[in-house]
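Enquirer: sequence plus the predicted model coming up.
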Amino acid sequence: MKKNLILFSTTIIALCLTAFGFISWSESGATLGAAPEFIYDINYRSGTTITKEKLHNAKSVSDILPREADWTKHPVQRVIVSLFQDGSETTEIGDNLALNKEQTQLLRSIDYSKSFRLVATCQDQHKAVPDRELAYNLTYFITVIPEKEAEYKGGEDALIAYLKKKSKKETAIVKEDQLRQGQISFTVTKKGTIAKVELSSTSGYPSIDKAMVELITTLPRKWDPATNAKGEKVEQEFIFSFGRRGGGC
């Protein structure tokens, strides 16, 4: 009897400890079966941007790059400017950070919402092996934006809130192992309407992709169109990212 009582007490203690551990784990945020984070973001094709006016006035790569990117500290051997458009690549190469005539002409030909790439090839003395040289590249992808960008009437926060509310039913089914980063490109016209809505990558859920395309196409409010340096209305393309952050599969 005494032996059975000890065994019973041990079992009760073990169950209590297990229950306590589960509660603590749940309270820490690691709830079993929790839905993955579902992001909504309106942005550009690349994280770095430059206005067309600033790009046209650039004399060197340093005039184009963001402040935190100081390529003058690197042993740059050459700079490659590349424009990807209509399935083809146009490239111009310079000997240093100063833009040559051909590079300047290429950069000035780039229209709003288009992206280009800057690559600096560098070669330095290898610190660990003095008789060897270390070769590496510095790379930036940059999107050209209007001097005054298009704005959704009501603001970006209202736009994201609307998209979240209207897609709540579809996004309730997502699972961590299937969710990807979906992307939709769309253009704000000179009249402030939406055009050229196109799904460029799937979220892993066709039903969500379809819902998001429909929502972007039928937004309830117009936009204030983008304008150039002269105040003239111009079109601007945006990228709507949704689903997993960072595009992981």
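Expert: Thanks, I have it.

Enquirer: ok, residue 211 touching residue 164?
Expert: No - assessed by CB atoms under 8 Å, residue 211 is found out of contact with residue 164, at 11.8 Å. For every residue, glycine as well, the C-beta is placed using N, CA and C.

Enquirer: who's more crowded, those two?
Expert: Ranked by neighbour count (other CB atoms under 10 Å), residue 211 and residue 164 place residue 211 first, with 19 against 13.

Enquirer: please pull out the lowest mean pLDDT helix or strand from the protein.
Expert: Within the chain, confidence by mean pLDDT, DSSP states H and E is lowest for helix 2-27 among all helices and strands, at a mean of 43.

Enquirer: what's the following helix or strand after that helix?
Expert: Next along the chain after helix 2-27, taking DSSP states H and E as the criterion, comes strand 39-43.

Enquirer: same for whichever helix or strand comes after that next one, what does it pack against?
Expert: Once the chain leaves strand 39-43, the next helix or strand it forms, by DSSP H and E, is strand 48-51. If you count contacts as 3 or more CB pairs under 8 Å, 6 or more residues apart in numbering; DSSP states H and E, strand 48-51 packs onto strand 133-145.

Enquirer: what angle do the strand it packs on and strand 39-43 make?
Expert: Counting by axes from the mean of the first three to the mean of the last three CA atoms, to 10 degrees, strand 133-145 lies at 80 degrees to strand 39-43.

Enquirer: so what secondary structure elements neighbour strand 133-145?
Expert: So strand 133-145, by 3+ CB pairs under 8 Å, 6+ apart, packs with strand 48-51, helix 52-56, strand 115-125.

Enquirer: possible to save the ones you listed as CSV with mean pLDDT, mean neighbour count and distance to residue 144?
Expert: Shown next, in CSV, are those (pLDDT from 0 to 100; neighbours: other CB atoms under 10 Å; distance: least, CB to CB, whole Å):
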stretch, mean pLDDT, mean neighbour count, distance to residue 144
strand 48-51, 96, 17, 6
helix 52-56, 96, 16, 5
strand 115-125, 92, 17, 7
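
Enquirer: including distance to residue 201, could these go into a markdown table?
Expert: Below are the helices and strands packed on strand 133-145 laid out as a markdown table (distance: least, CB to CB, whole Å):
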| stretch | distance to residue 201 |
| --- | --- |
| strand 48-51 | 20 |
| helix 52-56 | 27 |
| strand 115-125 | 16 |
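
Enquirer: residue 134 is nearest to which of those?
Expert: strand 115-125 (5.1 Å; CB to CB).

Enquirer: which strands and helices lie in contact with that closest one?
Expert: For strand 115-125, the elements it packs on are strand 76-85, strand 133-145, judged by 3+ CB pairs under 8 Å, 6+ apart.

Enquirer: a markdown table for those strands, including distance to residue 188, mean neighbour count and mean pLDDT?
Expert: Shown next, in a markdown table, are those (distance: least, CB to CB, whole Å; neighbours: other CB atoms under 10 Å; pLDDT from 0 to 100):
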| stretch | distance to residue 188 | mean neighbour count | mean pLDDT |
| --- | --- | --- | --- |
| strand 76-85 | 20 | 17 | 95 |
| strand 133-145 | 12 | 15 | 93 |
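
Enquirer: from the middle of its chain, how far away would stretch 142-153 be?
Expert: Centroid displacement of stretch 142-153 relative to its chain, using CA atoms, centre = their mean, to the nearest Å, is 16 Å.

Enquirer: spatially nearest residue to residue 245, not counting backbone neighbours?
Expert: Spatially, and ignoring its direct neighbours in sequence, residue 245 is nearest to residue 39 (4.8 Å; CB to CB, 6 or more residues apart in numbering).

Enquirer: from residue 178, how far off is that neighbour?
Expert: 15 Å (CB to CB, to the nearest Å).

Enquirer: partner residues bridging the residue nearest to residue 78 when sequence neighbours are not counted?
Expert: Closest residue to residue 78 in three dimensions, ignoring its sequence neighbours and counting by CB to CB, 6+ apart: residue 121, at 5.4 Å. Bridge pairing for residue 121 (DSSP bridges) gives the partners residue 78, residue 137.
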